[in-house]
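[1] turn this into a model:
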Amino acid sequence: MSNISCILYPPTLDYRYLVQRPQQLMTSFSELNIPVYYINNPSPHLPPVTGVEKINADFYLFNKVDPIPYLKGMRPVVYFSAPAHVDLVQQYNPSLVVFDSVDEPSDEFEPWKPFYHRAVTSSDLVFTTSEKLYQLAASLNSNTYLIPNGCDYDYFYQASTKSLPVPDDVAGISGPVIGYIGVIATWCDLELVDRVAATYPDYNLVMVGPLYNVNDVPRRPNIHWLGFKPYDQLASYAQMFDVGIIPFKSSNMTEAVNPIKMWEYMGAGLPVVSTNIPEAGKYPEAVLCSENADIFIQNINNALYNDSPEKRENRIKLAAANSWRARAQQIINIIENKLAEKGSTQQPIIEEILDDALSYPPEHFGSFDYSQYVNMLAPYRKVLISRRPFFRYSKFALNKNYNNLSGRRKTNLGAQKILTVTGKTAFKYQTERSKNAL
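    The predicted structure is shown next:
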């Protein structure tokens, strides 16, 4: 019997939106019979949900519900991945604090930097996704372990059979299909995507994922921006690909990335072409890692025309050996050993206590305060303000009463129209998600 009463994950991601490492690991923990409390951070892109959902026998999803009354005196393992949460985890009276270091606090994740040192040094255990992050954390905490990302193997293997329903928005796209699954953000090299499309006008690039902090993307007839797709549809799109690509820019942040999509492409049996990411370079038998843009473009053709059934099978086997279930078991073993070292003898939380959460009193709905968490989560905050002001204006036909336009600056545009400038000067600004006017 495990000495883990339950694992509690503070809110960072919506469980159903952009499924990443936290959702995969927490789900895998629960499938290993470890009770999980996942405090959901609701996405504005999905319908709002209130209450506690039982995802499986051991997974409890808290939507706008405070989990503390349902700990019932138990001391959970608090497992957090946002460094800024370091001062918030103690409110749960943890038996163990685990920090999962998933990204380097630099570039787009620079806001995490002031919290990173304390997140590492104050945690009982630190897990890292890449060699670079391991070296960084291990120098601060000797209880640091390298646990790379993994593959939802059983799910993505379905794509290798090419027997899933074909989504309507790709049904008319013919091959070769160069595919991407993931967030389209500033760390993506969109100029490289554009070059690939220009170099291979007879190939189709299918880009599956939402725009996160970019506004403009290259537009060509053979680039298909499909936007966000629910996780349970991703394998259906992956089956349509002939090659999976990872077109990341070179930066401090991407040097520390272990791409989840790399494992997902492998699970689908796809050849993988990546930019020069150190973690991708660890698997030369499965990933064509590219030193520069020219080689990346060349490697796409290599992937298409130099593949073989043997290479395909090796990629699938590699993904199977690196499943999320295997990663979760590694982590559970380490946590259990650390709890034993600390002398923990607590019993797992009983099912009746957990099931009480499903009938949580309605008056408590909405009582959970997300602001203390989410205000510190944004990895990219930037406002670009235009250098020059502009004026709002209206155009009027001459048959309007010109003299009644008092208080407005008027300019005669000729025989037919008058331009009137209204209001005060303004500046245009652009955020990572929208373009507006102040």
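
[2] quick one: the helices in the stretch 251-400 of the chain?
    Using DSSP state H, counting those that start in this stretch, the helices of the stretch 251-400 of the chain run over 260-267, 293-305, 309-321, 324-341, 351-356, 371-374.

[3] tell me which of the ones you listed lies nearest to Gln239.
    Across those, Gln239 has its closest neighbour in helix 260-267 (11.4 Å, CB to CB). For the C-beta atoms, the positions are set from N, CA and C on the backbone; glycine is no exception.

[4] how about residues contacting the closest one?
    20-21, 24, 149-153, 155-157, 159-160, 180-182, 234, 238, 241, 244, 246, 272, 274, 279-280, 283, 286-287, 315-316, 318-320, 322 (CB atoms under 8 Å, 6 or more residues apart in numbering).

[5] between that helix and helix 324-341, how big is the angle?
    130 degrees (axes from the mean of the first three to the mean of the last three CA atoms, to 10 degrees).

[6] for helix 260-267, C-alpha coordinates in PDB please.
    The C-alpha trace of helix 260-267 is given here as PDB (Å, rounded to 0.1, in the frame of the first residue of the first chain):
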ATOM      1  CA  ILE A 260       6.000  16.500 -25.800                       C
ATOM      2  CA  LYS A 261       5.100  16.600 -29.400                       C
ATOM      3  CA  MET A 262       8.300  14.700 -30.200                       C
ATOM      4  CA  TRP A 263       7.100  11.700 -28.300                       C
ATOM      5  CA  GLU A 264       3.600  12.100 -29.700                       C
ATOM      6  CA  TYR A 265       4.800  12.100 -33.300                       C
ATOM      7  CA  MET A 266       6.900   9.000 -32.500                       C
ATOM      8  CA  GLY A 267       3.900   7.200 -30.900                       C
END
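
[7] now that helix: how far from the chain's centre is it?
    Counting by CA atoms, centre = their mean, to the nearest Å, helix 260-267 is centred 14 Å from the centre of its parent chain.

[8] now stretch 216-224
    Remark: stretch 216-224 is offset 22 Å from the chain centroid, using CA atoms, centre = their mean.

[9] repeat that for stretch 199-214.
    So, by CA atoms, centre = their mean, the centroid of stretch 199-214 is 17 Å from its chain's centroid.

[10] cool, stretch 53-61 as well?
    On CA atoms, centre = their mean, the centre of stretch 53-61 falls 22 Å from the chain's centre.

[11] same thing with stretch 105-115?
    Remark: stretch 105-115 is offset 16 Å from the chain centroid, using CA atoms, centre = their mean.

[12] weakest of the helices of the stretch 251-400 of the chain in terms of mean pLDDT?
    Note on those: helix 351-356 shows the lowest mean pLDDT, a mean of 56.

[13] quick one: residues contacting Ile300.
    Counting by CB under 8 Å, 6+ apart, Ile300 touches Ile178, Val196, Tyr200, Tyr203, Val243, Ile245, Val273.

[14] kindly report the same for Pro230.
    Per CB under 8 Å, 6+ apart, neighbours of Pro230: Arg16.
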